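# model this:
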Amino acid sequence: MPPLRPDDASRDWASDRQKGRAMTGGSRRALILDRDGVINHDSGFVCRIADCHFIEGIFPLAAAFTARGFAIVVATNQSGIGRGYFGEQDFASVMDWMKSEFAARGSPIAAVYHCPYHPTAGIGPYRRNSEWRKPKPGMILQASADLDLDLGRSWCVGDKARDIEAARAACVGTKVLFDPAGGPLARWNDYWVVPRLADIIALLAQHEADHENEKITKINGFLTMSADYQAVGPDDEL
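Numbering: from 1, shown residues only. Just a heads-up that it's a prediction; the model follows:
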């Protein structure tokens, strides 16, 4: 998959007010996952448990983020509902089962957001533009409001360009494109491209280590300044 060009993904679907609130208003970090192509293999409008096959590495990935206090969130376009291929209850049944599978492994899914609409192929009331349909950021912004998320410190993983665009529009801090057919782990513009979900765990570990090192550097700098101030005295000129 070719890298996204900045002009391909710069459309601003969120208002400045929404984005500002999403970036600074929350306190909790999240791992925001697309479903088909990230959690389960995308065999085309998956709507039955029997057809849902998990992608290798998804549960260790969820566990790594859960262990660091991230909420697990699913945000997925599901136009199969709007096209009439399956119903809302079919989707709900699959997601209830999927949530139980994650919970059984110690990584509960905090919330699921889906968009059933399609602007041209939807039937009846499902044929419309929606702020929730990626590449628009509506689902992510709603998750932020519902779960008190700090999107600037959150991660988003998707397998299509629209997932990255939606995350960018919502000002998600770390964006990852999962591309099993691509080359080795690489950085493109403001997002990562990985061929394996396990690579994201390595990225997370490095990111957390870098953050801790930054904190230690700041603390050491403060202590040094404080020691210099005490040695000179508040009334002396430095």
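# For residue 85, see how far away residue 175 is.
To residue 85, residue 175 is 29 Å away according to Cβ to Cβ, to the nearest Å. Any C-beta I mention is one placed from the backbone N, CA and C, and that applies to glycine too.
# So which of those two has more stuff around it?
Between residue 175 and residue 85, residue 175 has the larger neighbour count (other Cβ atoms under 10 Å), namely 26 against 14.
# which phi and psi does that one have?
The phi/psi pair for residue 175 (degrees, to the nearest 10) reads phi -120, psi 130.
# Excluding chain neighbours, what is closest to it?
Excluding the flanking residues, the one nearest residue 175 by Cβ to Cβ, 6 or more residues apart in numbering is residue 191, at 3.8 Å.
# Let's see the pLDDT reported for the one you found.
Looking at residue 191, its pLDDT stands at 98.
# any weak-confidence spans in the chain?
Low-confidence segments of the chain (pLDDT under 70): 1-25, 215-238.
# which residues of this structure fall in strands?
Per DSSP state E, the chain carries strands over the ranges 30-33, 71-77, 109-115, 155-158, 174-178, 186-188, 191-194.
# Let me have the ones you listed in JSON lines, adding distance to residue 146 as columns.
Converted to JSON lines, the strands of the chain look like this (distance: least, Cβ to Cβ, whole Å):
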{"stretch": "strand 30-33", "distance to residue 146": "11"}
{"stretch": "strand 71-77", "distance to residue 146": "9"}
{"stretch": "strand 109-115", "distance to residue 146": "6"}
{"stretch": "strand 155-158", "distance to residue 146": "16"}
{"stretch": "strand 174-178", "distance to residue 146": "21"}
{"stretch": "strand 186-188", "distance to residue 146": "30"}
{"stretch": "strand 191-194", "distance to residue 146": "24"}
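# Pick the most deeply packed of these.
strand 30-33 (a mean of 27; mean count of other Cβ atoms under 10 Å).
# Sheet-wise, list the partners of that one with their directions.
Strand 30-33 pairs in its sheet with strand 71-77 (parallel), strand 155-158 (parallel), by DSSP bridges.
# okay, these in a markdown table with distance to residue 109 next?
Below are these laid out as a markdown table (distance: least, Cβ to Cβ, whole Å):
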| stretch | distance to residue 109 |
| --- | --- |
| strand 71-77 | 5 |
| strand 155-158 | 14 |
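# If anything else comes up later, I'll come back, but that's it for now.
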